[in-house]
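Novice: missing the sequence, but the structure's below:
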C-alpha cells in the first residue's frame with residue numbers, strides 16, 4: 001500500500017514540517033511534552049467516563065520488523081531519504097537490517113470519542129487531528145460529547161518520531177449508534193523536490209487515491225475490516241465493540257518510557273490524584289509501570305497544597321495556608337493553597353528542586369499543570385497550587401491566554417484582545433494575586449525574631465566603626481562589634497482589621513551597650529514599611545503611626561517617619577509601630593534604619 005505525497009499547491013499552504021515542529025522546543029524534555037499533550041488530547045476527547053491512556057512501547061527486529069516495514073510502506077519514505085533531510089539517527093538506513101531494532105510507541109486512549117465524522121469535513125475529529133493545523137476552536141460530536149480540541153497538540157506525535165511518521169487507529173460511534181474503525185498514516189516532512197516535482201512534505205497512507213467533485217486528489221482512511229487487518233499488521237491492539245477511542249503509533253519513537261513516566265507524574269498529578277485519569281506505561285518486555293506522584297518527594301508539597309486549595313485538608317498553622325481569592329466584577333477568581341517546603345531526609349537540602357522553589361502550579365479545568373510559575377526569590381521557600389474557578393468565563397480566558405505549548409498564561413496574548421480589555425485584566429489580576437498571596441504567606445511563615453536577643457549583626461558591625469580606636473594601628477572595622485543594639489520586643493506581625501484588611505504591628509528597641517566608651521550617642525532613626533513588588537523590589541511605603549518611650553525624640557519637620565534623639569547608657573529607646581490598613585494579598589516589610597549624628 002503506497003504513500004501519497006502531496007504535490008505543492010500553487011497557492012501555498014503549510015509545509016509538512018510545520019505540523020511536526022510547532023511544539024519541538026517548549027523548554028522541557030520531549031517525553032514530557034508528549035506526556036502533556038497526548039493526555040491533553042485524550043482528556044479533551046473524553047466521552048464522559050474516566051479516560052484511560054496507555055503508552056505501550058515495542059522494539060521490532062527480525063521477521064516482525066520486516067512485516068511491519070512492508071505494512072507501513074516505509075520503503076516509499078526511504079526512497080526520498082536525501083530529499084527529506086531527516087536528522088539522525090533514524091531507522092530509514094537500517095530497514096533491511098533485521099538485527100537493528102525498530103522502536104515503536106503506541107499511545108492508546110479509552111473512553112474517548114475517537115476520530116469520528118466525515119474524514120474531509122473540517123469540523124470532524126478525524127480532520128482536526130490529522131489534516132488541519134492550529135484550529136483551536138471547540139467541537140462537539142453528534143452524540144453531544146466534547147471532541148478533541150487538538151489545535152497544535154497533535155504535532156507532539158510526529159515530533160516524537162525520528163522519521164516524522166505516525167499512524168492513527170480509532171474506533172468510534174456513528175450517528176446511528178453503530179461503531180466503526182479506521183486506520184490512516186500521516187507523514188510530516190520538509191517541502192522538497194523529487195523526480196522533477198515539488199511536494200509540500202505532507203504524505204498519507206490509506207485507501208486508493210481518488211478525485212472529489214472539484215477534481216482534487218483525496219485519500220480516505222481504511223475502514224472496518226480492512227482497517228482492522230492493517231492495524232493488526234502494524235501492531236495495534238485491536239479494538240473490540242465498545243472500546244471507543246484512538247491509538248496513535250509513533251514510528252521510530254525518539255522518547256524513552258522512563259522519562260514519559262516522570263512527565264506524566266510532573267504534569268498530570270492533579271487529575272491522577274482526583275481519580276479522574278488512569279495511565280500506564282508498558283516496556284517492550286511487557287513490564288507495566290504506573291505513575292506514582294505521591295511517592296515523588298519533590299511533588300508531595302504541591303500535592304499537599306492541592307488538597308488545601310481544594311478544601312479537603314485543613315492547613316497547618318504557620319506552615320500551610322488556604323487562600324481563596326475575592327470575586328472580581330461578580331466572577332470567582334480561584335483559590336490558592338500554599339505550603340512551606342520541608343527539608344529532605346539528609347537535613348541539608350529542600351525536597352523541592354531549586355527551579356521549583358517559590359513556584360505555584362497553575363491548574364485549570366483539564367487538571368494538567370500548565371506551569372510551575374515562580375513568583376518570588378525570598379525565604380522561607382514556599383510552593384503552592386492555584387486552582388482556576390469552575391466558572392466557564394475565567395476558564396475560557398485562561399485557555400485563550402495559553403500559547404500552543406499550553407505552558408504559561410500570557411496576559412499579553414493577542415488571543416485575549418477584546419473591546420473592553422477585560423480578558424487581559426483578568427489574567428493579570430490572577431497572576432498578581434498569586435504573587436501577592438505567596439509573598440504575604442512568606443512573611444507570615446518567616447521564623448519569628450527572638451525578642452530581646454535578636455541583633456542585626458551586619459548593622460552592628462557597621463556601627464562599630466563609629467567607636468573604633470583612632471590613629472595608627474587601628475584594626476579593620478569588622479573586628480569591633482557595635483555598642484548599639486536593635487532588639488525586636490514584638491516581631492512584626494499582621495493583624496486583621498474589621499473591614500477585612502491587614503495592619504502590620506511591631507515593637508522594637510535601641511540601646512547602647514554598657515561597655516561602650518561613650519555615655520551617650522545622638523541618633524537619627526527612619527522607619528519604612530514598603531510594599532514588596534516584582535523581583536522583591538520595594539514599592540510605596542505604608543503610612544505609619546509610631547509612639548516612642550524611654551527617650552525624648554524629635555520628629556523631623558520634612559519627614560514624619562524620621563526621629564532624632566539622644567540615647568544614654570542603661571536606657572532603651574522603644575518604638576511601637578502600627579501601619580495603615582493594607583490589602584491582605586500584599587507583602588510588606590518593616591525596615592528601621594538608624595545612623596549616628598554629630599548632635600541634635
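Specialist: Arrived safely. Computed from a predicted model, the values in this text were never measured in an experiment. Numbers count the residues shown, from 1 in each chain.
Novice: so what strands line up beside the longest strand seen in the chain?
Specialist: Counting residues, the longest strand found in the chain (DSSP state E) is strand 484-496. Next to strand 484-496 in the sheet, as set by DSSP bridges, lie strand 502-512 (antiparallel).
Novice: how far off centre is the strand it pairs with?
Specialist: 40 Å (C-alpha atoms, centre = their mean, to the nearest Å).
Novice: quick check: what element follows it along the chain?
Specialist: strand 520-528 (DSSP states H and E).
Novice: give the pairing partners of that next one; include direction for each.
Specialist: Here, using DSSP bridges, strand 520-528 pairs with strand 562-568 (antiparallel), strand 591-597 (antiparallel).
Novice: so for that strand, mean pLDDT?
Specialist: On average, the pLDDT along strand 520-528 is 90.
Novice: specify the angle between the helix or strand containing residue 439 and strand 502-512 in degrees.
Specialist: Element membership for residue 439, per DSSP H and E: helix 422-445. Interaxial angle, helix 422-445 versus strand 502-512 (axes from the mean of the first three to the mean of the last three C-alpha atoms, to 10 degrees): 40 degrees.
Novice: helices or strands up against helix 422-445?
Specialist: strand 320-324, strand 335-340, strand 359-363, strand 382-387, helix 392-401, strand 484-496 (3 or more C-beta pairs under 8 Å, 6 or more residues apart in numbering; DSSP states H and E). Bear in mind the C-beta positions are built from the backbone N, C-alpha and C, glycine included.
Novice: buried ones in that helix, by neighbour count?
Specialist: 422-424, 426-431, 433-445 (16 or more other C-beta atoms under 10 Å).
Novice: between it and strand 359-363, how many degrees?
Specialist: Using the same axes, to 10 degrees, helix 422-445 lies at 140 degrees relative to strand 359-363.
Novice: quick check: mean pLDDT across helix 422-445?
Specialist: Mean predicted confidence for helix 422-445 is 93.
Novice: so how many other residues sit close to residue 311?
Specialist: 12 (other C-beta atoms under 10 Å).
Novice: list the contacts of it.
Specialist: residue 322 (C-beta atoms under 8 Å, 6 or more residues apart in numbering).
Novice: still on that earlier bit, for the helices and strands packed on helix 422-445, which one ends up most surrounded?
Specialist: Of those, the one with the most neighbours on average (mean count of other C-beta atoms under 10 Å) is strand 382-387, at a mean of 27.
Novice: counting by contacts, list what it packs against.
Specialist: Counting contacts by 3+ C-beta pairs under 8 Å, 6+ apart, strand 382-387 is packed against helix 300-310, strand 335-340, strand 359-363, helix 422-445.
Novice: include distance to residue 28 when you put the ones you listed into a markdown table, please.
Specialist: Shown next, in a markdown table, are the helices and strands packed on strand 382-387 (distance: least, C-beta to C-beta, whole Å):
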| stretch | distance to residue 28 |
| --- | --- |
| helix 300-310 | 16 |
| strand 335-340 | 23 |
| strand 359-363 | 14 |
| helix 422-445 | 20 |
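Novice: closest one to residue 53 among the ones you listed?
Specialist: strand 359-363 (18.5 Å; C-beta to C-beta).
Novice: what element comes up after that closest one heading to the C-terminus?
Specialist: In N-to-C order, the element after strand 359-363 by DSSP H and E is strand 369-374.
Novice: avg pLDDT for that next one?
Specialist: The predicted model gives strand 369-374 an average pLDDT of 96.
Novice: helices of the stretch 151-300 of the chain, start to end?
Specialist: 155-159, 224-233, 257-273, 300-310 (DSSP state H, counting those that start in this stretch).
Novice: winner for burial among the ones you listed?
Specialist: helix 155-159 (a mean of 26).
Novice: for it, packing partners?
Specialist: Secondary elements touching helix 155-159 (3+ C-beta pairs under 8 Å, 6+ apart): helix 16-21, helix 30-44, strand 165-173, strand 179-188, strand 245-251.
Novice: so for it, mean pLDDT?
Specialist: Here the average pLDDT along helix 155-159 is 88.
Novice: which intervals of the protein have sub-threshold pLDDT?
Specialist: Per-residue confidence for the chain (pLDDT under 70) gives these ranges: 11-16, 18-26, 134-154, 446-482, 534-536, 598-600.
Novice: the spatially most central residue of the chain: what's it in contact with?
Specialist: The chain has residue 371 as the residue nearest its centroid, 0.8 Å off, counting by C-alpha atoms, centre = their mean. Residues in contact with residue 371, defined by C-beta under 8 Å, 6+ apart, are 361-362, 407-409.
Novice: need those residues in TSV (columns: distance to residue 169).
Specialist: Converted to TSV, those look like this (distance: C-beta to C-beta, whole Å):
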residue	distance to residue 169
361	34
362	34
407	29
408	33
409	35
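Novice: what is the nearest of these to residue 219?
Specialist: Distances from residue 219 to the contacts of residue 371, taken by C-beta to C-beta, are shortest for residue 407, at 33.6 Å.
Novice: would you agree that closest one is in contact with residue 27?
Specialist: Yes: using C-beta atoms under 8 Å, residue 407 makes contact with residue 27 at a distance of 7.2 Å.
Novice: with neighbour numbers in mind, choose between the two.
Specialist: More crowded of residue 407 and residue 27, by other C-beta under 10 Å: residue 407, with 20 against 9.
Novice: look up how far residue 373 lies from that one.
Specialist: Here the criterion is C-beta to C-beta, to the nearest Å. By it, residue 407 lies 10 Å from residue 373.
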